[in-house]
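Student: Prediction below, plus the sequence it came from.
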Amino acid sequence: MNRQSQHKPVISPRQSSSLVSSTIIGVGVLTLPRATTEYAKQSGWLSVVLGAICAMVAVAVITSLARRFPGKSIVAFSAEILSLGRNKTAGRVISFPFLLLYFAYWGFTTVIVARIFGEVVITTVLTETPLEVIITTMLLTSLVLIFQDVEVLARVNEILLPIIVIPVLIIALSSYQSAKLYNLFPMREGVDWMSFLTGIMYTSFSYLGFEVLTLFLAHTHSDRKLLRLNLLGIAIPGLVYTLIAFSGIAVFGVDELRLLAWPTLELVKVTEVPGLILERLESAFLGVWVAAVFTTTANLYYSSCLIIKQMLGFKGHRIIALVLFPAYYYISLLPQNIHSLFEYQTHLSFVGAIIALIIPLILLIVAVIRRKGDPYNPLETESGSGGKGETS
């Protein structure tokens with residue numbers, strides 16, 4: 001089912017880390033402060049930290065699977081893990097529904113991200129531009145990158161990551177001049193343990209996106225630094241999210257945050273960069289945010305095309321991307337308003353939790369019990385060695 005190639009694209013461990021961070025940091029940045037306080041209230045920023053730890057556990061599980069099955073994506077190693085004896089056909093049949101769930105999640109998340117991007121742009125910047133034009137522009141821009149090979153995608157993510165993270169960190173730190181620290185206390189008032197754990201669960205959804213590693217680690221040239229760098233890929237958005245959530249609560253307070261549709265954007269509006277370098281800081285922030293949304297959309301769109309290609313044994317993914325384009329555009333217009341859009345996003349997050357943590361964890365447990373793969377393989381390959389693997 002998966003075609004082999006003598007020349008496998010190579011992604012460095014650092015690029016793998018950039019893929020994780022760039023996929024995670026996206027539209028969720030704008031709504032994070034409100035989402036964190038919905039259940040955890042003043043302790044919302046702490047739930048962001050614990051949510052990052054949960055995401056790191058999931059990344060460790062996915063990396064362990066990649067080490068056991070070097071050069072194979074989830075399409076290949078799930079069939080091997082679930083096979084009956086030497087017959088991998090049964091494994092392919094059993095794994096097909098799970099793989100279809102991955103495709104559906106990545107596809108619908110691409111749609112939701114593009115739609116939220118359009119909603120923000122038409123309400124803040126291009127108020128006279130039709131929503132359809134904004135969504136089409138983002139999908140078309142992503143399509144240009146999707147037509148490239150995997151290593152090109154990785155390089156673009158590596159280049160754009162510091163351009164995204166550094167300005168956001170500066171803005172988040174600058175916002176503390178408007179902070180009122182009494183808004184952060186008392187931390188546990190009116191919050192029981194169940195509400196706090198629920199807040200951690202919902203905050204963990206903000207880190208979804210790292211599951212694309214189930215595909216891209218098959219193309220990764222790695223050494224012992226792979227796990228550490230992949231965990232760094234979670235730590236970077238974890239730091240950004242913690243600073244934004246902390247400053248959002250400190251500046252606005254819990255009660256006001258619940259009334260804001262895009263709290264981070266409002267946070268930027270009340271922030272002044274020392275020296276008054278920029279009079280309208282939100283314009284610069286939106287420029288950086290567009291790059292963040294672009295990498296998220298492109299990575300998820302690419303993943304949905306790549307998994308279908310591998311499942312059906314196609315030679316390339318470009319035709320698949322073209323076929324999916326009108327479907328993604330049409331689905332993105334289905335939510336009637338912003339409230340239904342947020343509801344779709346919440347429901348989709350639960351599916352994301354299943355495919356990001358539960359399915360890889362089950363596969364790893366079954367692989368260990370059935371002694372599938374090589375648990376001692378460090379996933380070390382020579383760069384450009386021409387080892388066999390799945391093509392892009």
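Tutor: Structure received. Residues are numbered from 1 along each chain as shown.

Student: Got phi/psi on Lys372?
Tutor: phi -90, psi 140 (degrees, to the nearest 10).

Student: so it touches Glu80, yeah?
Tutor: Yes - with contact defined as Cβ atoms under 8 Å, Lys372 reaches Glu80; the gap is 6.0 Å. The way it works is simple: take the backbone N, C-alpha and C, and place the C-beta from them, glycine included.

Student: can you point me to the longest helix in this protein?
Tutor: With secondary structure taken from DSSP state H, the chain has its longest helix at helix 88-124.

Student: Flag every buried residue along that one.
Tutor: Neighbour counts over helix 88-124 (16 or more other Cβ atoms under 10 Å) mark 88, 91-92, 95, 98-99, 102-103, 105-122 as buried.

Student: Is Pro335 in a helix, a strand, or coil?
Tutor: Secondary structure for Pro335, judged by DSSP: H, G, I helix; E, B strand; the rest coil, is coil.

Student: Would you confirm that it contacts Tyr344?
Tutor: Yes - counting by Cβ under 8 Å, Tyr344 is a contact partner of Pro335 at 5.8 Å.

Student: ranges for the strands of the stretch 251-392 of the chain?
Tutor: Using DSSP state E, counting those that start in this stretch, the strands of the stretch 251-392 of the chain run over 389-390.

Student: low-scoring stretches of it, by residue?
Tutor: 273-280, 375-392 (pLDDT under 70).

Student: Walking through it, point out its helices one by one.
Tutor: 254-257, 263-269, 281-312, 318-332, 338-353, 359-370 (DSSP state H, counting those that start in this stretch).

Student: Please apply the same query to the stretch 101-250 of the chain.
Tutor: Secondary structure of the stretch 101-250 of the chain, counting by DSSP H, counting those that start in this stretch: helices at 131-146, 150-174, 193-204, 213-216, 226-252.

Student: The longest one packs against which elements?
Tutor: Contacts of helix 226-252 with other secondary structure elements, assessed using 3 or more Cβ pairs under 8 Å, 6 or more residues apart in numbering; DSSP states H and E, are made with helix 13-24, helix 28-40, helix 44-68, helix 150-174, helix 263-269.

Student: Most tightly packed of these?
Tutor: helix 13-24 (a mean of 26; mean count of other Cβ atoms under 10 Å).

Student: Contacts for that one, please.
Tutor: Helix 13-24 is contacted from outside by 11, 59, 151, 153-155, 157-158, 160-161, 164-165, 206-210, 212-213, 216-217, 220-223, 225-226, 229-230, 232-234, 236-237, 292, 295-296, 299-300, using Cβ atoms under 8 Å, 6 or more residues apart in numbering.

Student: cool, stretch 343-357 as well?
Tutor: Under the contact criterion Cβ under 8 Å, 6+ apart, stretch 343-357 has outside partners 54, 57-58, 61, 98, 101-102, 104-105, 108-109, 112, 116, 201-202, 204-205, 208, 210-211, 335.

Student: Stretch 361-377 too?
Tutor: 58, 61, 64-65, 67-70, 74, 77-78, 80-82.
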